[in-house]
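Participant: test case, fold it:
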Amino acid sequence: MHSRRRVLRALAAGGIVALAGCGGGPGGSRDAGGSRDAGGASPAASPTAAPSPTRRPGPAPSERVLGAAATAVDGTRVSARRWTAFESVEYEHEDGAGTATVEPQRGRFVAYDFLVENTGDERLPAVSDTVFRLQLAGGTYRHLHSLDGVAFDRVVEPDTGPGIRPLAWYDGLAPGASVSLQLVFDVPHRPRFRHYLAWDHPTPVAGVEGVVFLWPGGG
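Facilitator: Next comes the predicted model:
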């Protein structure tokens, strides 16, 4: 373990906004490669105070856009909280010999944070990570299980503020319980479009069957 203060060095690509953990199941992990030695410090990512851009919501059916949060028939409630974008991320070598940076293949890494709650009266099993996608400018993207072969627990985390957290999920929720999760995506740079958390729950959500779209700005 390094005794130095761990600081995330990443280039935020503007228009930053939402939260969430990541779990098992099929996803868009990539083979190792594409990383390079860090050539110097980059400014820390810092999300904007405003919610995600609203000028160009993208081709999402308005009746399926449910705001920042929605509840399914079975009592599962999901709230989109924040997303943070990175042009590159610093990570530690497995042998402890310093750090390097990894860059996304499509344009930006997006760490999407959200909350899952049990609003019902009975214990609920964990939702599968496979029911979530990121929809951006009409494209739909699966979450990653690593950053070009770099495990999430090797990412150099910030002391405070948003960042990419180690891969984690949960086993289930008792009535009234909640859990904060994060999923990470590799997506094109489209800062003027809403970054929707697409949720395809097995039971209807807010009266809508099939996929629904959430975003931190709501509305």
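
Participant: dig out what Arg82 forms beta bridges with.
Facilitator: Counting by DSSP bridges, Arg82 forms beta bridges with Asp113.

Participant: and Gly218, helix, strand or coil?
Facilitator: Three-state assignment for Gly218 (DSSP: H, G, I helix; E, B strand; the rest coil): coil.

Participant: hang on, it packs against Ala70?
Facilitator: No. Under the criterion of Cβ atoms under 8 Å, Gly218 is not in contact with Ala70, lying 10.3 Å apart. For glycine as for every other residue, the C-beta is placed from the backbone atoms N, C-alpha and C.

Participant: once you drop chain neighbours, what's closest to Glu157?
Facilitator: Gly163 (5.2 Å; Cβ to Cβ, 6 or more residues apart in numbering).

Participant: tell me how many other residues crowd the one you found.
Facilitator: Using other Cβ atoms under 10 Å, Gly163 is surrounded by 21 other residues.

Participant: quick check: it touching Phe109?
Facilitator: No. Using Cβ under 8 Å, Gly163 and Phe109 do not qualify as a contacting pair, with a distance of 10.6 Å.

Participant: check what pLDDT the residue nearest to Glu157 gets.
Facilitator: Looking at Gly163, its pLDDT stands at 88.

Participant: quick check: it is in a helix.
Facilitator: No. Membership of Gly163 in a helix is not supported by three-state DSSP, which gives coil.

Participant: now do the same for the closest residue to Pro59 other than its chain neighbours: its pLDDT.
Facilitator: Of all residues not flanking Pro59 in the chain, Gly138 sits nearest, at 4.6 Å (Cβ to Cβ, 6+ apart). We note a pLDDT of 90 for Gly138 in this prediction.

Participant: gap between Gly138 and Val212?
Facilitator: 16 Å (Cβ to Cβ, to the nearest Å).

Participant: who's more crowded, these two?
Facilitator: Val212 (26 against 10).

Participant: partner residues bridging the more buried one?
Facilitator: Those that pair with Val212 in a beta bridge, by DSSP bridges, are Trp199.

Participant: separation between it and Val179?
Facilitator: For Val212 relative to Val179 (Cβ to Cβ), the value is 20 Å.

Participant: ok, Val211 next?
Facilitator: Taking Cβ to Cβ, one finds Val211 at 22 Å from Val179.

Participant: quick one: low-confidence parts of the chain?
Facilitator: 1-56, 219 (pLDDT under 70).

Participant: and the helices in it?
Facilitator: With DSSP state H, there are no helices along the chain.

Participant: could you find the closest non-adjacent residue to Pro125?
Facilitator: Gly172 is the one closest to Pro125 (Cβ to Cβ, 6+ apart), at 4.9 Å.
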